[in-house]
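S.K.: structure of the sequence below:
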Amino acid sequence: MDTIGKRIQRLRESKGLSAKKLCSLLDINTSTYSKLENDRKSIDVEELRKFTKYYGISADYILGIDNPQEDIVMYM
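M.R.: As a prediction, this is how the structure comes out:
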């Protein structure tokens, strides 16, 4: 099963971004982002808002409500 961390990692990689660069763009602490990507922290509403706005996707995808089997290419 896909986790939130795996989904945000795939989104980041689909843009060819390092975690450090993405954190800079979204104003997210690198330690916080690492914990999110490694599923050691739950995503909060503000982080979720930043990801959905930046990637132009729904929160449902990140949360695994929308079909988690969809190919990430559609979000590129």
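
S.K.: only C-alpha atoms for contact and neighbour calcs from this point on.
M.R.: Will do.

S.K.: per-residue pLDDT, Gln69?
M.R.: For Gln69, the model assigns a pLDDT of 48.

S.K.: what sits against Tyr33?
M.R.: Ala19, Cys23 (CA atoms under 8 Å, 6 or more residues apart in numbering).

S.K.: name the element it belongs to?
M.R.: In this assignment (DSSP states H and E), Tyr33 forms part of helix 30-37.

S.K.: try Tyr61
M.R.: helix 59-63.

S.K.: what is that helix packed up against?
M.R.: helix 4-14, helix 45-55 (3 or more CA pairs under 8 Å, 6 or more residues apart in numbering; DSSP states H and E).

S.K.: now the helix or strand just after the first one: buried residues?
M.R.: Where DSSP H and E defines the elements, the next helix or strand beyond helix 4-14 is helix 19-26. Buried positions in helix 19-26, judged by neighbour count with 16 or more other CA atoms under 10 Å: Ala19, Leu22, Cys23.

S.K.: pLDDT weak spots in the protein?
M.R.: Counting by pLDDT under 70, the chain shows low-confidence ranges at 67-76.

S.K.: about what we covered before: what comes up buried for the helix holding Tyr61?
M.R.: Result for helix 59-63 [16+ other CA under 10 Å]: buried residues Ala59, Tyr61, Ile62, Leu63.

S.K.: same question for stretch 12-21.
M.R.: Buried residues in stretch 12-21 (16+ other CA under 10 Å): Arg12, Ala19.

S.K.: what is the end-to-end distance of it?
M.R.: Start and end residues of stretch 12-21 are separated by 10 Å (CA to CA, to the nearest Å).

S.K.: got it, and stretch 39-46?
M.R.: For stretch 39-46, the end-to-end distance is 17 Å (CA to CA).

S.K.: ok, and what's touching that stretch?
M.R.: Residues contacting stretch 39-46 (CA under 8 Å, 6+ apart): Thr3, Ile4, Gly5, Thr32, Lys35, Leu36.
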